[in-house]
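Enquirer: dropping the sequence and predicted coords here.
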Amino acid sequence: MRITPLDIEAHNFATRLRGFDRDEVKSFLTLISEEYEKLIVENSYLKEEMARLQHQLSDHQDRERILKDTLLSVQKLADDMRQEAFREKEVIIKEAELKAEQILEQARNRIGDLERQIGDLKLRRDTFQTTVLSLVDQHRRVIEMQREQGEVQDRVRFMRHKETGGARREGS
């Protein structure tokens, strides 16, 4: 299931006695939503950039193919021209391959950076979820302890009342 920034921002948490500050939770969800939306936009931009770079690589490969065909035609006309065209072809191919490799390496590096950032964000999300669950569990235990203390105090009052009520009857 994909979560959109709107899903994050619109999410409502159930309220409990002594629950979280709604404004703080809403503010934090808005912040997460904005950051998530930035990542989506950046990811989209990088996909477009990668497609553009792949298109450029394809253009370079097409140009290389055209140059090879042209060089074959030139080789048939004259040996001198063939040798010169061969040298030009080698230079152009090497430059195109070097340029293409540089572009691909930059794209790979950027993808690696994005994957690391995504991993960091997932780790932060998991830590946040664990913290929230721990806090909820602690609050639940405090509420249960307070409930148990109230029950014990009620029993003590009842016992005291019973003892004072019985002592009055004997004195009468």
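Expert: Good, I have the coordinates.
Enquirer: contact partners for the residue nearest the centre of the chain?
Expert: Most central in the chain under C-alpha atoms, centre = their mean is Ile118, positioned 4.1 Å from the mean C-alpha point. Contacts for Ile118 were tallied using C-beta atoms under 8 Å, 6 or more residues apart in numbering; they are Leu39. From N, CA and C alone the C-beta is placed, and that goes for glycine too.
Enquirer: please repeat the previous calculation with a cut-off of 10 Å.
Expert: Residues in contact with Ile118, defined by C-beta atoms under 10 Å, 6 or more residues apart in numbering, are Leu39, Asn43.
Enquirer: what about whatever helix or strand it lives in, average pLDDT?
Expert: Under the criterion DSSP states H and E, the helix or strand holding Ile118 is helix 79-171. Mean per-residue pLDDT for helix 79-171: 88.
Enquirer: now the residue nearest to the centre of the chain: how far from Ile32?
Expert: Ile118 sits 14 Å away from Ile32, taking C-beta to C-beta, to the nearest Å as the criterion.
Enquirer: that older thread, for the residue nearest to the centre of the chain, give its distance to Gln102.
Expert: According to C-beta to C-beta, Ile118 stands 25 Å off from Gln102.
Enquirer: go on, Thr70?
Expert: With distances defined as C-beta to C-beta, the gap from Thr70 to Gln102 amounts to 25 Å.
Enquirer: compare neighbour counts for those two and give me the winner.
Expert: When neighbours are counted by other C-beta atoms under 10 Å, Thr70 and Gln102 differ, and Thr70 comes out ahead with 13 against 10.
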